[in-house]
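Engineer: Let's see this in three dimensions:
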Amino acid sequence: MLKKYRDWYRSIDDESLLVLKHPEMAAQVKGRVRRCIARNLSTLTPIERQQLHDFLLKYRGAGFYIAAFKLMLLFSAIGVVLHLLMPAKFELLKAVLFSNGMGFALVWGLIGVWFNYRSSVRHKLKKVLLIVSTCAAGVVTGVMLAGLSDTGSMGMAFERLLRVGGIALLVAVVFYMVPLAIVTSWRNRQYEALTLQLQQDAERDRLARELSESQLRLLRAQIEPHFLFNTLGAVQQLAEQGAPGAARAAALTADLIAFLRASLAEMRSEQVALQSEFEMVAAYLRVMQARMGSRLRYALDLPAEFAQLTIPSMILLTLAENAIKHGIEPSLRGGEITMSAQQVDGMLRLRVQDTGMGLPQGDTGHAPEGGLGLENVRSRLRLSDPSASLSLRDGEEGGVIADILLPIKMASSLKEPTA
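Structural biologist: Okay, the predicted model is just below:
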């Protein structure tokens, strides 16, 4: 018998938790009474449902019985005190039963309004009439039964009703309706404040997201002309050399057109696959090698397991361009650029290293005349993830090492190119 009751109670508990999480499941509950309860639960606001769900999880199983037992001890102690204060009016057993009855009725009412305060506010008159009528019915029934048991006379019962009923109703209002009204008002204010806070947070997040997207579009717009103008400047420089440079200028122009055709989509995307970024950098370095010849050498190393991770577009291209402009080109002997990807302490490390001129003395992390590109990289990393970073330092054998660190989890999805 006990096991059957426990299974029945657990099924109702699980059913309530399911409906609170998925209110659309209320229509599928079997049993008229249980379906009615489920529908009432489904009409709660999302905040009320979440609060009631957390409460039921906390006090499910043994927790419910322990809490009920503690309340029974408290109300019984109040009944004992009531008997000691007025032994002539309240026998011990009657005082304990009375205090437990009133106490659990109050607790049940408080739980009802604690998790259904929005309905209590919307239907104030209905709730008040229900409480008053219930209290009145209880007082009338109790007084009439007491009168009949004492005298067997209905007249005496009505006399006691007139004499005691008013006082009983007053006590019910003071000790039952007033606490419920106070709790309902307080919880409703909490709900309105929380709703307002959630709306403000959502609006703040929306504005921050729009600002971030606008900043990203602006940064990409700055990077693309920066690269294109430098490359076209190299073509112009070769063309000005006349016949000796005309063929090389034509070849460089052809390489540039092929590069732009292949990478235009990536240049206009917020996030790109790491493999696509490496391929775009390789195409760029081929363009630069066509202009610089043997003075530029490069090597790219991308492990297969990192190929589909995504990163902010063009950040590696910017570092490669910066290495050539401020490291390789000023050096009479030229130099080599190496690019690699590696996992370090749970982070993705992207390294662009050159064997060029190195950092000037007193440099603060921005190569001369390269502030725009590097600042764009830093800004885009910050907008993508606050924990991402860019650092520059001198290489052990000359040149500069630029390291990008960013969480691997941020490379989880690839966005479609924007128009």
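Engineer: use CA for all of it now, contacts and neighbours both
Structural biologist: OK.
Engineer: burial count for residue 344?
Structural biologist: 10 (other CA atoms under 10 Å).
Engineer: Residue 338 now?
Structural biologist: Applying other CA under 10 Å, we find 16 residues neighbouring residue 338.
Engineer: which element is it on?
Structural biologist: Per DSSP states H and E, residue 338 falls inside strand 335-344.
Engineer: cool, and residue 291?
Structural biologist: Going by DSSP H and E, residue 291 is in helix 274-292.
Engineer: contact partners of that helix?
Structural biologist: 231, 234, 248-249, 251-252, 255-256, 259, 263, 266, 295-298, 300, 302, 306-311, 313-314, 316-317, 320 (CA atoms under 8 Å, 6 or more residues apart in numbering).
Engineer: got the contact list for stretch 239-250?
Structural biologist: The contact list for stretch 239-250, computed with CA under 8 Å, 6+ apart, reads 235, 236, 238, 290, 291.
Engineer: residue ranges of the helices in the stretch 301-419 of the chain, please?
Structural biologist: Secondary structure of the stretch 301-419 of the chain (DSSP state H, counting those that start in this stretch): helices located at 315-323, 371-384.
Engineer: any idea which of those is most buried?
Structural biologist: helix 315-323 (a mean of 24; mean count of other CA atoms under 10 Å).
Engineer: show me where pLDDT drops low in the stretch 1-150 of the chain?
Structural biologist: In the predicted model of the stretch 1-150 of the chain, residues 1-2, 5-6, 9, 116-150 satisfy pLDDT under 70.
Engineer: Using CSV, list the CA coordinates for the strand holding residue 338.
Structural biologist: C-alpha atoms of strand 335-344 as CSV (Å, rounded to 0.1, in the frame of the first residue of the first chain):
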residue,chain,number,x,y,z
GLY,A,335,63.7,36.9,-45.0
GLU,A,336,61.3,34.1,-44.3
ILE,A,337,57.7,34.0,-43.0
THR,A,338,56.4,30.9,-41.2
MET,A,339,52.8,30.5,-40.1
SER,A,340,51.6,27.7,-37.8
ALA,A,341,48.6,26.6,-35.6
GLN,A,342,49.0,24.7,-32.3
GLN,A,343,47.0,23.9,-29.2
VAL,A,344,48.6,25.4,-26.1
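Engineer: Run me through the strand neighbours of that strand, direction for each.
Structural biologist: If you go by DSSP bridges, strand 335-344 pairs up with strand 296-301 (parallel), strand 347-354 (antiparallel).
Engineer: Mean neighbour count, those: which tops it?
Structural biologist: Mean neighbour counts for the strands paired with strand 335-344 (mean count of other CA under 10 Å) peak at strand 347-354, with a mean of 23.
Engineer: Can I get that strand in CSV, CA atoms only?
Structural biologist: The C-alpha coordinates for strand 347-354 follow below in CSV (Å, rounded to 0.1, in the frame of the first residue of the first chain):
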residue,chain,number,x,y,z
MET,A,347,43.9,27.5,-26.4
LEU,A,348,44.5,27.8,-30.1
ARG,A,349,47.8,29.5,-30.8
LEU,A,350,48.3,31.0,-34.2
ARG,A,351,51.9,32.1,-34.8
VAL,A,352,53.2,34.3,-37.6
GLN,A,353,57.0,34.6,-37.4
ASP,A,354,59.4,36.4,-39.7
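Engineer: got a list of what residue 31 touches?
Structural biologist: Per CA under 8 Å, 6+ apart, neighbours of residue 31: none.
Engineer: For residue 16, give its distance to residue 111.
Structural biologist: As defined by CA to CA, to the nearest Å, residue 16 lies at a distance of 15 Å from residue 111.
Engineer: Looking at these two, which is more packed in?
Structural biologist: Neighbours of residue 16 and residue 111, each counted by other CA under 10 Å, are more numerous for residue 16; the result is 23 against 15.
Engineer: Count the neighbours of residue 62 for me.
Structural biologist: 10.
Engineer: I'd like the distance between it and residue 110.
Structural biologist: 21 Å.
Engineer: same question, residue 247
Structural biologist: Distance from residue 247 to residue 110, by CA to CA: 89 Å.
Engineer: between those two, which one's more packed in?
Structural biologist: Legend: neighbour count by other CA under 10 Å for residue 247 and residue 110, higher for residue 110 (21 against 13).
Engineer: For the helix or strand where that one lies, buried residues please.
Structural biologist: Assigned by DSSP H and E, residue 110 falls within helix 92-114. Going by neighbour count (16 or more other CA atoms under 10 Å), the buried part of helix 92-114 is 92, 95, 96, 98, 99, 100, 103, 106, 109, 110, 113, 114.
Engineer: same thing with stretch 76-89?
Structural biologist: For stretch 76-89, by 16+ other CA under 10 Å, it's 76, 77, 78, 79, 80, 81, 82, 83.
Engineer: CSV please, covering these and showing secondary structure.
Structural biologist: What follows is the buried residues of stretch 76-89, written out as CSV (DSSP: H, G, I helix; E, B strand; the rest coil):
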residue, secondary structure
76, helix
77, helix
78, helix
79, helix
80, helix
81, helix
82, helix
83, helix
